[in-house]
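> The sequence and its predicted three-dimensional model are supplied below.
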There are 2 protein chains.
Amino acid sequence: MSETAAMQIDSKRATTATDVAERAGVSQSAVSRCFTPGASVSARMRAQVMQAADALGYRPNLIARSLITKRSGMIGVVVGNVAQQLYPGTLQALATRLQAEGYRILLFTAPPDGPADPALEQIIAYQVDALVLAAADLSSKLAEQCRAAGIPVVLYNRTVRGQTASSVTCTNHAAGIEIAALFAAGRHRRPAFIAFDPAASTSRDRERGFRAGCRAHGLPDPIVEVGASGDAGARRAITSLLSRPNRPDAVFCPFDQMAIVAMDVARYDFGLSIPNDVSIVGFDDAPPAAWPSYQLTTYAQPVAAMVDATAQLIVEQLADPQARLRQVQVPGHLVLRQSCRLPRSQEPTR
Amino acid sequence: MSETAAMQIDSKRATTATDVAERAGVSQSAVSRCFTPGASVSARMRAQVMQAADALGYRPNLIARSLITKRSGMIGVVVGNVAQQLYPGTLQALATRLQAEGYRILLFTAPPDGPADPALEQIIAYQVDALVLAAADLSSKLAEQCRAAGIPVVLYNRTVRGQTASSVTCTNHAAGIEIAALFAAGRHRRPAFIAFDPAASTSRDRERGFRAGCRAHGLPDPIVEVGASGDAGARRAITSLLSRPNRPDAVFCPFDQMAIVAMDVARYDFGLSIPNDVSIVGFDDAPPAAWPSYQLTTYAQPVAAMVDATAQLIVEQLADPQARLRQVQVPGHLVLRQSCRLPRSQEPTR
DNA sequence: ATTTTTTTTGCATGCGCATGCAAAAACATT
DNA sequence: AATGTTTTTGCATGCGCATGCAAAAAAAAT
């Protein structure tokens, strides 16, 4: 009776290193060593242990291991809105990369409303080895607190004032300049920019570059409209722009989703032809940019390279906690498609 | 000298419950109790401890806690291709929901190539409390192994033979029937279906429903083409379909991305008009389906409800490991837009 | 065959915390 | 004031594993 009960409990219990040791007739530490790469074990012992381990279906408990090694093997990734823009691709790439590196991803999403730091407590309490902040509009407080707690932080696609964390971004400023040059080359006269959250460094840098580029190429200062909070905001902004008495003939949208909305509004609400009546340029080179219905000219973010840099920064900081913080900028490139008028001489590449 | 070194080490070390106890002049267990909801602590002690904890910036180490409670508070989520289709939205919703429930998400992505089970070892070793499998084309072996290891598994948007796990899907079969009915009502004559991975239950169920519906409504058996492996496969499949001598006049694509590709090919490669020359219906109601350029008629998957059901199943199984496995089917609904011809009498709703 | 060197193994300990148990303290009852 | 009752607290222990240290075994050198 009670024996049966005990056996049931036993069968529920996960098999531990001690169980394996017992069955193999060796010590628990021997088992541990067999599962620790680079430990000193004889071939015979290893075979013996492995056989017992297989028979019992043993897997080392990584939680227990973390407790000792002080490495959880988990990287926290905080994403604002997973569903938008380039984050799905980034997440995929990041996950693949970090998994290859032997890390697991602990995913946190920021609540859609308000910049409230998400389960901040959780993040620190969970002993993540490092943190990737991939939310353009997330409070920078989180980064600081983690840093104070000794957790390396890498900002993805954003920067923060005061060098409290490493960051990886695209060459946002240069991109803005380049796009202004493109507009100038296509003989546009009235540039415009739809700003995202003004607190987001990414949007700010692109805007600043764009302004500088306009000035440098003899264009007037761009008309700026704010198009925050998703498609609705973008719709409002582009509508406002196109309703102006002398409407812009070249609109730079700081990410593709916004540009897509802009194209749809221009075409279907205003009956405009792109790029004849108005040119629209996006940012990111998200998948829909290449769809035949849009053929969006856009500035491609080098996601693979950015993810790579992110992983590298993490590994670097983990290896040496004293490592200097770095702001990595990865160059992107313009992808010419059909949504922006070009100088006569130039054919769209690709 | 060595004192300084020692202090540095100390300052690196995270503060533990024992540190707090020392400072507050109480026992470590008292500290533990203060951070354990529902434990017996006097108000005075709590205040005393909390003050010390604040001063030291103490946070309980969840890893250590897990070791004792045998609950990691983590839910493993395995996703095939994060970047595609409805997964971003799902992931967002799931993360939000599970976070609200007090769980963290440990994210695993299946390698894009081959059905190789990803870091399976990792998943079990990491003591996740439960596992959500949201990869339509992932081997079902993983589910079985986890179940054997005593980890509750919930299949999201797919099922598996032999009741080895709970699952949450949309009413795929009924949806197939409904779409056949829609085609019949619109006086289509030559239905077609583009199959996804034939191993994926989701694609199979939709196809079976569609076939049944065609039969029931006096339509011929659908022409079936396989369009696996992403956009390229879809492109090949739809091209093949539209190249046929008597090409189909109604194509059902088992998810929106495929339908989008189909629309683009039909329009731009074949110069066809949608829905006059050919009707196209998708599945999921992903964001692009609503974009003006597509106006895709599609069967909406009730993501919120499905995520809800998933969370509920998990909570249920965690509360009672003996709980019966359940196959939950959440009803979706047809969203009529412009990509499918309707009977004269009917105007597109919405 | 003996000593020295190297490798392999077991023992003991502790990571940070939760929890059963018994002692102590606070409170309620007669 | 003394007893019984409830609450609060500390002590001790262990979760599953890695790791320093010393004993044991194997290999190399004399």
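Received it, and whenever you're ready, just let me know what you need.
> tell me, how many neighbours does the closest residue to A:Asn172 other than its chain neighbours end up with?
Nearest non-adjacent residue to A:Asn172, counting by C-beta to C-beta, 6 or more residues apart in numbering or on different chains: A:Asp205, 3.7 Å away. To be clear about C-beta, it is placed using only N, CA and C from the backbone, and glycine gets the same treatment. Counted with other C-beta atoms under 10 Å in any protein chain shown, residues neighbouring A:Asp205 total 22.
> Next, A:Asp205: secondary structure please.
helix (DSSP: H, G, I helix; E, B strand; the rest coil).
> dump the residue contacts of it.
Contacts for A:Asp205 (C-beta atoms under 8 Å, 6 or more residues apart in numbering or on different chains) come out as A:Thr159, A:Thr169, A:Asn172, A:His173, A:Gly176.
> Output those of the residues you listed also counted as contacts of DNA strand D.
With the criterion set as C-beta under 7 Å from any atom of the strand, no member of the contacts of A:Asp205 is near DNA strand D.
> Distance to B:Leu336, neighbour count and secondary structure for these - can I get that in CSV?
Shown next, in CSV, are the contacts of A:Asp205 (distance: C-beta to C-beta, whole Å; neighbours: other C-beta atoms under 10 Å in any protein chain shown; DSSP: H, G, I helix; E, B strand; the rest coil):
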residue, distance to B:Leu336, neighbour count, secondary structure
A:Thr159, 46, 21, coil
A:Thr169, 43, 22, strand
A:Asn172, 42, 27, helix
A:His173, 46, 19, helix
A:Gly176, 42, 26, helix
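> Determine which two of these are furthest apart.
Spatial extent of these (C-beta to C-beta) is set by the pair A:Thr159 and A:Gly176 at 14.8 Å.
> Give me the buried stretch members for stretch A:202-212, please.
Residues of stretch A:202-212 classed as buried by neighbour count (16 or more other C-beta atoms under 10 Å in any protein chain shown): A:Thr202, A:Ser203, A:Arg204, A:Asp205, A:Arg206, A:Glu207, A:Gly209, A:Phe210, A:Arg211.
> what's near enough to touch the second one?
Read that as A:Ser203. Contacts of A:Ser203 (C-beta under 8 Å, 6+ apart): A:Ala136, A:Ala195, A:Phe196, A:Asp197, A:Pro254.
> so which two of these are the farthest from each other?
Spatially, the most separated pair among those is A:Ala136 and A:Ala195, at 12.2 Å (C-beta to C-beta).
> Helix or strand next in line after the helix or strand bottoming out on mean pLDDT in chain A, which one?
When the helices and strands of chain A are scored by mean pLDDT, DSSP states H and E, helix A:2-12 comes last with a mean of 39. Later in the chain than helix A:2-12, the nearest helix or strand by DSSP states H and E is helix A:17-24.
> how about the host helix or strand of A:Leu155, does it reach chain B?
Counting by DSSP H and E, the element that carries A:Leu155 is strand A:153-156. No: counting by C-beta under 8 Å from any C-beta of the partner chain, chain B is not contacted by strand A:153-156; separation bottoms out at 15.2 Å.
> Could you check that strand and say which residues are buried?
For strand A:153-156, burial by neighbour count (16+ other C-beta under 10 Å) applies to A:Val153, A:Val154, A:Leu155, A:Tyr156.
> Check stretch A:28-38 too.
Neighbour-count burial for stretch A:28-38 [16+ other C-beta under 10 Å]: A:Ala30, A:Val31, A:Ser32, A:Arg33, A:Cys34, A:Phe35.
> Tell me, how many residues neighbour the nearest residue to the second one once chain neighbours are set aside?
Of all residues not flanking A:Val31 in the chain, A:Ala17 sits nearest, at 4.3 Å (C-beta to C-beta, 6+ apart). Applying other C-beta under 10 Å, we find 21 other residues in the vicinity of A:Ala17.
> thinking A:Ala17 is in contact with A:Arg33, fair?
No: using C-beta atoms under 8 Å, A:Ala17 makes no contact with A:Arg33, being 10.1 Å away.
> overlap in contacts of the two?
With C-beta under 8 Å, 6+ apart as the test, A:Ala17 and A:Arg33 reach no residue in common.
> which residues does A:Arg236 contact?
Counting by C-beta under 8 Å, 6+ apart, the residues that A:Arg236 touches are A:Gly227.
> Centre of the chain to the helix or strand containing it, how far?
Using DSSP H and E, A:Arg236 maps to helix A:230-243. Put simply, helix A:230-243 sits 26 Å off its chain's centre (C-alpha atoms, centre = their mean, to the nearest Å).
> can you list the buried residues of stretch A:28-38 in a markdown table and add pLDDT and secondary structure?
A markdown table is the format used below for the buried residues of stretch A:28-38 (pLDDT from 0 to 100; DSSP: H, G, I helix; E, B strand; the rest coil):
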| residue | pLDDT | secondary structure |
| --- | --- | --- |
| A:Ala30 | 95 | helix |
| A:Val31 | 96 | helix |
| A:Ser32 | 96 | helix |
| A:Arg33 | 95 | helix |
| A:Cys34 | 95 | helix |
| A:Phe35 | 94 | coil |
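> Taking the stretch 251-350 of chain A, what residue is nearest to DNA strand C?
Here the stretch 251-350 of chain A gets closest to DNA strand C at one residue, A:Pro321, 16.0 Å apart by C-beta to the nearest atom of the strand.
> Surely that residue touches A:Ile151?
No: using C-beta under 8 Å, A:Pro321 makes no contact with A:Ile151, being 10.0 Å away.
> Those two: who's more crowded?
Neighbour totals were compared for A:Pro321 and A:Ile151, and A:Ile151 leads with 19 against 10 (other C-beta under 10 Å).
> got the contact list for the more buried one?
A:Ile123, A:Ile124, A:Val128, A:Asp129, A:Ala130, A:Leu131.
> sec struct for the third one, please.
Reduced to three states with three-state DSSP, the structure at A:Val128 is coil.
> quick one: it and A:Met74 touch, right?
Yes: the pair A:Val128 / A:Met74 is scored as a contact, 4.9 Å apart, by C-beta under 8 Å.
> ok, A:Arg59 - contacts?
Taking C-beta under 8 Å, 6+ apart as the test, what A:Arg59 contacts is A:Ala14, B:Glu121, B:Ile124, B:Ala125, B:Ala149.
> helix/strand/coil for the closest residue to chain B within the stretch 201-350 of chain A?
Closest contact between the stretch 201-350 of chain A and chain B, by C-beta to the nearest C-beta, is at A:Ser293 (4.1 Å). Following three-state DSSP, we place A:Ser293 in the coil state.
> what's the neighbour count on it?
20.
> got the contact list for whichever strand or helix holds A:Ala52?
For A:Ala52, the host element (DSSP H and E) is helix A:43-56. For helix A:43-56, the surrounding residues in contact (C-beta under 8 Å, 6+ apart) are A:15, A:19-21, A:23-26, A:30-31, A:34, A:41, A:58.
> Within reach of DNA strand C, which of those are there?
Filtering those for proximity to DNA strand C (criterion: C-beta under 7 Å from any atom of the strand) leaves A:Val26, A:Ala30, A:Val41.
> of all those, which comes closest to B:Asn81?
A:Val41 (39.6 Å).
> Could you report the separation of the closest one from A:Ala53?
Going from A:Val41 to A:Ala53 by C-beta to C-beta, to the nearest Å gives 13 Å.
> Quick check: neighbours shared by these two?
Counting by C-beta under 8 Å, 6+ apart, the residues touching both A:Val41 and A:Ala53 are A:Cys34.
> So between these two, which is more surrounded?
A:Ala53 (22 against 17).
> where does that one land on pLDDT?
A:Ala53 is assigned a predicted lDDT (pLDDT) of 94.
> distance between the helix holding A:Ala52 and the chain's centre?
Worked out by C-alpha atoms, centre = their mean, helix A:43-56 lies 42 Å from the chain centre.
> State the next helix or strand along the chain beyond that helix.
Immediately after helix A:43-56, counting by DSSP H and E, sits helix A:62-69.
> Please enumerate the strands of chain A.
A:74-79, A:104-109, A:130-134, A:153-156, A:166-170, A:191-195, A:223-226, A:250-252, A:279-284, A:297-300, A:327-330, A:333-335 (DSSP state E).
> Good, wrapping up.
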